[in-house]
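Undergrad: here's my sequence, what's the structure:
(2 chains)
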Amino acid sequence: METSTETPIFDERRDQIHRTGETPFAIACNRDSLAGAVSQRACVFCGARVVLYPIADALHLVHGPIGCAAYTWDIRGALSSGPELHRLSFSTDLQEKDVIFGGEKKLHLALTELIDRHKPKAAFVYSTCIVGIIGDDLGAVCRRVAEEKGVPVLPVASEGFKGNKREGYYAACKAMFDLTGTGDTAGIPKLSINILGDFNLAGEIWIVREYFKRMGVTVVANVTGDGRVDDLRRSHGASLNVVQCSGATIELAKLMQEAYGIPFSRVSYFGIEDMAEALYSVARFFEKDDPEIMERTKTLVREEFAVMYPQLTQYRRDLEGKKAAIYVGGAFKAFSLVKAFRHLGMKTVLVGSQTGTEEDYRELAAVTDPGTIIVDDSNPLELSAFLQEKEVDIFVGGVKERPIAHKLGVGFCDHNHERKEALEGFVGMVNFAREVHASVMSPVWRFTPRRIQIASSGSQS
Amino acid sequence: MIQAAKEPYVSTTNACKLCKPLGAALVFRGVEGAVPFLHGSQGCATYMRRYIISHFREPMDIASSALSEKHAVFGGGPNLKKGLLTVMQKYGAKLVGVASTCLTETIGDDMPGLVREFRNEFADLGLPEVVTVSTPSYSGTHAEGFHAAVKALVEQLAVPDESGVPGESGESGEAGLAVNLLPGFVSPADIRYLAEIFDDFCLPVTILPDISETLDGPALDEYQKIPEGGTPIAAIRAMGRSAATIECGRTLFGVESAGEVLEKRRQVPLFKRGLPIGLRETDSFFSVLETLAGAQMPRRHALERGRLIDAYVDAHKYLFGKRAVLYGEEDLVIGLTSFLTEIGVKPVLVASGGNSGKLEEAVKSVTSGILGEAPETAAGTDFYQIAARAKELAPDLIVGNSKGYRMAKELDAPLVRAGFPIHDRFGGQRILHLGYRGAQALLDTIVNALLDKKQAGSEIGYGYI
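TA: Got it, this is the predicted structure:
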């Protein structure tokens, strides 16, 4: 057989790559990952786990063999202002005989033991691949323990193979939805919202909450960063759901709209325009109830901008003309990043995501320059080839993308769950610029073989 | 005491182990031209990649058959075959190491059978080697997965059933000269050092697996689909003709391991030793090399040994009677126990998530003669239990991977990082554990960790210690 190791693009994936300017616009997405390609995606369980993980006073029990729990122990920088039960990793740690005889008994024992020990406000029980195969009745065990212990015990249908990360988001939203509507909404003011789709990485939700506070808006529930079970239970008392992130929590917003008539708006807290627009959209929503809210919001944005802008200008001086590549989980982040790079005088030459929709990619094509590579569900072979082709200066992604960049002498900015720098809000934009600057301007690149090669080929031409 | 092996059942909190396929994936990364491949859900491969990358800071591609619901019902065979084709075409893999997962074991996929079918269906293509290993996560830990993959490589490449005579597979020239070294799960720095030792003894060696370059490689101008380095496949095939096998890890004592397969089926003499950590276990390792080489320890290693003993003496007062808690893979903690005991530190708890049944006996064996009473051991345990017991024991020192950090912080005891994973420090892939040189590095680190604690806690601020 002719092997085609020269070109890194898999034939089956050609239609999942688009270059801005090509007509007509077409890109395939939301399909199963190609077997044998090293997808950067995870699984249904991963989707559910990332969404629910930051709920800090809940017990998160992974029902299955040890791996799924071990790999998700304390992996996100999702901070809590109080309890930290979410930072522990609980597993039923199923063994061979459980696979044969069923794991329900162990699940019951584990839940009983852990609820007695930790007194959580609720428990989430995640199914893993084999639970879906051996047929444990998670719902029945959860109902029984809920009755025995008097706390909500919520099954999360997150068998890894039953779809991709998106299905996991959906499973998480369904579990959270079961909690809503069960708490007392007395005392919740008219100007009130729930924050959906923010996970309080490096304390980001606190930055955003502070903005809303200055606007005079009360936050009922954080979904899920610094999240609390009791807040979720009364979240149906809020007037508006403000949803960040394209996939993770939108399903909860839709379910709540249907059940409680709560409208939702979609926002992003990354970058200058998107952050400002997020606040303005909430202000517009409440303007009829509080005519002064828009003025307060404008003042806030002005004040923040005045602090931020001079700092950005400094970084921009060095970064002007540099090239950026973006590969993230959800596409919403990519939109904001493209704009953020533009503020730094930088050009986005590659942008992709694990779980974007056609609509997302169409929008990305509209906001990027001709020739920009847009890619769905990519893999290391493609990403490395794109980085080389485009002579990228900085790559924004997660842990799995970092070594690809570093191996090739390309700067890197972690914009994923493990980041320790707050990148949201106006202050986050400055942090982002500082981090990009620190990576791009480091002297180390000049010693890397790839940069030496680029430099020498440049001087020859 | 921590209750033994978790009977009656208690759930696991903060596991002190990882799942079985992770160990197998690491082994396959240590074979030249190989791509590790997991037959299961996409998530398994991605989670393990993330976990491994965070330690080594190197690319770690693990392919997946990325099964979906219909495959779980009708079998994962078609996706396994498609995945194999994709990997051979795009990566140009010379070997694909396929490890099963709990999903594919539970739905009952017969991997060896599927691979046979694959070979027949695509016999006209230049197929890579495909080695399969059964690694259901519900049975054993990443340590067992590691050993199982080494054994699978040996069984399927070095002593295949269909090959009649030893050495039939074509390679010739060095028959009977090379030594097989199966070092277990150690760091790239350890492997580089082991290779150096063999070199100094003028002993040709096949180290399996060899992650020294594949998981700690140089900066590149072109991205390598498969990183350079790793044990050459031809060398693995020739292992049945080697002069001897040295296999490290006391959990393998009395177990039908890769080394035993070579001994039983190809009559390759086998030397089973503990991981060479600390003076005595390293002496035992070197004595095998002296026998095999028919030569004395080369001077530079004898000097390193001498310096190590000199350092033991210089350091003894800082260390004597200090109480240590250790955790990690069983083979690693057994070696560390041996080392700590000989420098005067008292291991008060030796813990592992692994449960081979060998821990207690091995710990007794490496401490007898120095300690009157063997240290407390806990196998099949988790960090919740380790932390609870450690709190009662109030150790002066903790030695293990970075997952014990929160426990160490709570106990205000210095954590000396060793093993895998190191996610909260830089350079985990370059920690040297083995041999006289590794013992020297560990000794310096441990003494300085204790001095640092003492200095930080003192108001006087001694400038000399």
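Undergrad: pLDDT weak spots in the chain?
TA: Let's take chain A. Residue ranges of chain A with pLDDT under 70: A:1-6, A:246, A:458-461.
Undergrad: please refer instead to chain B.
TA: In chain B, residues with pLDDT under 70: B:3-7, B:161-176.
Undergrad: on the three-state scheme, the most centrally placed residue in it is what?
TA: In chain B, the centroid-proximal residue (Cα atoms, centre = their mean) is residue B:185; its distance is 0.9 Å. Per DSSP: H, G, I helix; E, B strand; the rest coil, the secondary structure class of residue B:185 is coil.
Undergrad: residue contacts, it?
TA: B:23, B:26, B:142-143, B:146, B:329, B:331-332, B:420 (Cβ atoms under 8 Å, 6 or more residues apart in numbering or on different chains). Bear in mind the C-beta positions are built from the backbone N, C-alpha and C, glycine included.
Undergrad: I'd say residue A:221 and residue A:237 touch.
TA: No: with contacts counted by Cβ atoms under 8 Å, residue A:221 stays clear of residue A:237, the gap being 9.1 Å.
Undergrad: okay, now the domains of chain A?
TA: A:44-177, A:192-304, A:320-419 (automatic domain parsing).
Undergrad: follow-up on the earlier one: closest to chain A out of the contacts of residue B:185?
TA: Of all the contacts of residue B:185, residue B:142 has the smallest distance to chain A: 8.8 Å, by Cβ to the nearest Cβ.
Undergrad: contacts only, for the closest one.
TA: B:17-20, B:22-23, B:26, B:185, B:329.
Undergrad: ok so, going back, neighbour count for residue A:221 and residue A:237, which is higher?
TA: Legend: neighbour count by other Cβ atoms under 10 Å in any protein chain shown for residue A:221 and residue A:237, higher for residue A:221 (27 against 21).
Undergrad: could you look up the SS state of the more buried one?
TA: When the rule is three-state DSSP, residue A:221 gets the label strand.
Undergrad: how close does it sit to residue A:180?
TA: To residue A:180, residue A:221 is 9 Å away according to Cβ to Cβ, to the nearest Å.
Undergrad: and stretch A:280-298, how far apart are its ends?
TA: This stretch, stretch A:280-298, spans 8 Å end to end (Cα to Cα, to the nearest Å).
Undergrad: ok, now stretch B:64-83?
TA: Start-to-end, stretch B:64-83 (Cα to Cα) is 7 Å.
Undergrad: tell me the domain ranges of chain B?
TA: B:20-158, B:179-216+B:226-293, B:316-456.
Undergrad: and those domains, which is most packed in?
TA: Mean neighbour count (mean count of other Cβ atoms under 10 Å in any protein chain shown) peaks for domain B:20-158 among the domains of chain B, with a mean of 24.
Undergrad: chain center to that one, what's the gap?
TA: How far domain B:20-158 lies from its chain's middle: 18 Å, per Cα atoms, centre = their mean, to the nearest Å.
Undergrad: same question, stretch A:120-131
TA: So, by Cα atoms, centre = their mean, the centroid of stretch A:120-131 is 21 Å from its chain's centroid.
Undergrad: endpoints of that stretch, how far apart?
TA: 24 Å.
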